[in-house]
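> what follows is a predicted protein model with its sequence.
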There are 2 protein chains.
Amino acid sequence: MNAKSPPIDAVRDKTTSATIVYQQLRQDILKGYLKPGQKLQIEAIGARYDAGANPVREALNRLSSERLVDRKDQRGFFVPPISLAELRELVKTRCWMESKALEESILNRTRKWEDDVVLAFHHLSRTPIRLPEEGGDNSEWEVQHRAFHNALLAGCGSSWLIGFCNEMMDHAERYRYISMVSSYPRRDSYLEHKLIMDATLDGNVEQAKEQLVAQYMLTLKLLEEQADKLRV
Amino acid sequence: MNAKSPPIDAVRDKTTSATIVYQQLRQDILKGYLKPGQKLQIEAIGARYDAGANPVREALNRLSSERLVDRKDQRGFFVPPISLAELRELVKTRCWMESKALEESILNRTRKWEDDVVLAFHHLSRTPIRLPEEGGDNSEWEVQHRAFHNALLAGCGSSWLIGFCNEMMDHAERYRYISMVSSYPRRDSYLEHKLIMDATLDGNVEQAKEQLVAQYMLTLKLLEEQADKLRV
DNA sequence: GTCATTTAAAAAATCTATGATTTTGACAAA
DNA sequence: TTTGTCAAAATCATAGATTTTTTAAATGAC
């Protein structure tokens, strides 16, 4: 007697409509489909993801606590703006915290953790980088890249630190997608990550941290140049 | 008719019902009025703060992204449980991150920042500690205590790091309130904080970090003893 | 004529109320 | 003790009502 047929025939996961909107909206912000500074109207988002105002609102409220949307009481929600100053602060903080996490991981290292790092590196090295010039979707590489860096942190012994680093990875990813940094040819992704992994497996804490920071600083430099070009 | 005369300053930020519930609920969780593990029923919370289901849900969703409530899809919201293991991880991470922040603050130190630290210490030293045995409300001391530690971090140059540290301060505060640690007579709060401040103003990075960590480890030790007593 | 202020209409956000789906807990039977 | 069914309760979602903000035009002053 239910005139309302279940809209989804797939086996009902324990996800709610709000969670689905949350995940999709999050992806669209990270990948730059929604532009920085853009207003996020409840109704428009509801139409985009086929959901009501209430689930949309819940998703937006969750994202606002992760700094992935700006919330202004009585005035709505917005995609956070970007700026070079913000990016520099972000990279600086990532260097501090991921260095610390990597250091702790190395100090506590176990066989299992080392295996995970090796495997993550292997998968990353097998994933080709798709350049924006070719209209390529590089999201698969982003996934593997992130998995590798997460493997490095995984042994640090603090879910707090891991969570914070992941929050910052989200934002760094957004900057990369928005800038569509086409400078990958100018760097050797394989070598960069191999240097980090080798120092890590050697138990050389200082070297590993140095290589990690070097990689992030290089990415920052390329993004800064990209921004300069766009400004001119 | 000219009742409209609000100064230019920012009363611009009008609060919504969801924000009010958010703030009150947050306080009640931090102060332990809502017990760890307890279920947070939408209707009950709505009655408690005189609000509808919708604002309550939005507040809960915001808090869930700060780890101040656990959210389980289709099953509701809960006050996060507490455990010694969790507390140890929290304190460990605080030591890492606040040490780093303090180090950076000292390296970048300015006259203004030093003045703020001195002032915050002065206010803290003037605020009496109200012991739970006397049924005292110690929240004023908690406010000043937090302000002092925030003053130390304020110069680190990373709003990310400051934000993360504050998120962890919230959780540490909850553990203190819940444990109602009555061990304050056994420590000299004034001296402990003075040692941190003196080393800080001297520009002695190592000493300052050491004192900061020592204070957090002592608090952890007292909380652990408290937990032991409760277990017996 | 240009600029600032006021007023009114439209749009958007927020909240309330109601109905539907899912989970939970009790109770009975094997 | 375990399993299965059913009723009660809670979450989730929709739709409509109520502020609040925004937009735009109109008025008035310089």
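Noted; the coordinates are in hand.

> only C-alpha atoms for contact and neighbour calcs from this point on.
Fine.

> and chain A, which of its residues are near chain B?
Proximity of chain A to chain B, by CA under 8 Å from any CA of the partner chain, involves residues A:14-16, A:54, A:57-59, A:61-66, A:72-74, A:89-90, A:92-93, A:96-97, A:100, A:157-161, A:164.

> can you tell me the SS state at the residue nearest to A:Ala59 when sequence neighbours are not counted?
Distance criterion CA to CA, 6 or more residues apart in numbering or on different chains; nearest residue to A:Ala59, sequence neighbours excluded, is A:Tyr22 at 4.6 Å. Classification of A:Tyr22 using DSSP: H, G, I helix; E, B strand; the rest coil returns helix.

> how near is A:Tyr22 to A:Arg176?
Applying CA to CA, to the nearest Å, the value for A:Tyr22 to A:Arg176 is 21 Å.

> mind telling me what element A:Phe77 is part of?
strand A:76-78 (DSSP states H and E).

> can you give me the buried ones in the very next helix or strand once past that strand?
Under the assignment DSSP H and E, the closest C-terminal helix or strand after strand A:76-78 is helix A:84-107. For helix A:84-107, the buried set under the neighbour-count rule, 16 or more other CA atoms under 10 Å in any protein chain shown, comprises A:87-106.

> what residue ranges in chain A are flagged as low confidence?
For chain A, the stretches with pLDDT under 70 are A:1-13, A:132-135, A:181-186, A:231-232.

> got the contact list for the residue of it found nearest chain B?
Chain A approaches chain B most closely through A:Arg62 (4.9 Å), counting by CA to the nearest CA. Contacts here follow CA atoms under 8 Å, 6 or more residues apart in numbering or on different chains; on that basis A:Arg62 touches A:22, B:61-65.

> show me the two of those residues that sit farthest apart.
The distance between the two most remote of those (CA to CA) is 15.0 Å, for A:Tyr22 and B:Leu63.

> how close does the residue lying closest to A:Gly46 once chain neighbours are set aside sit to B:Gly32?
Leaving aside its sequence neighbours, A:Gly46 sits nearest to A:Gly52 (CA to CA, 6+ apart; 5.5 Å). Distance of A:Gly52 to B:Gly32, given as CA to CA: 35 Å.

> same thing with A:Leu90?
Distance of A:Leu90 to B:Gly32, computed by CA to CA: 34 Å.

> and what of A:Gly136?
Look at A:Gly136 and B:Gly32: by CA to CA, they are 52 Å apart.

> same deal with A:Arg57?
Counting by CA to CA, the gap from A:Arg57 to B:Gly32 is 28 Å.

> A:Arg187 now?
Look at A:Arg187 and B:Gly32: by CA to CA, they are 52 Å apart.

> pick out whichever of the two has more residues nearby.
Taking neighbours as other CA atoms under 10 Å in any protein chain shown, A:Arg187 and B:Gly32 compare with B:Gly32 leading, 19 against 13.
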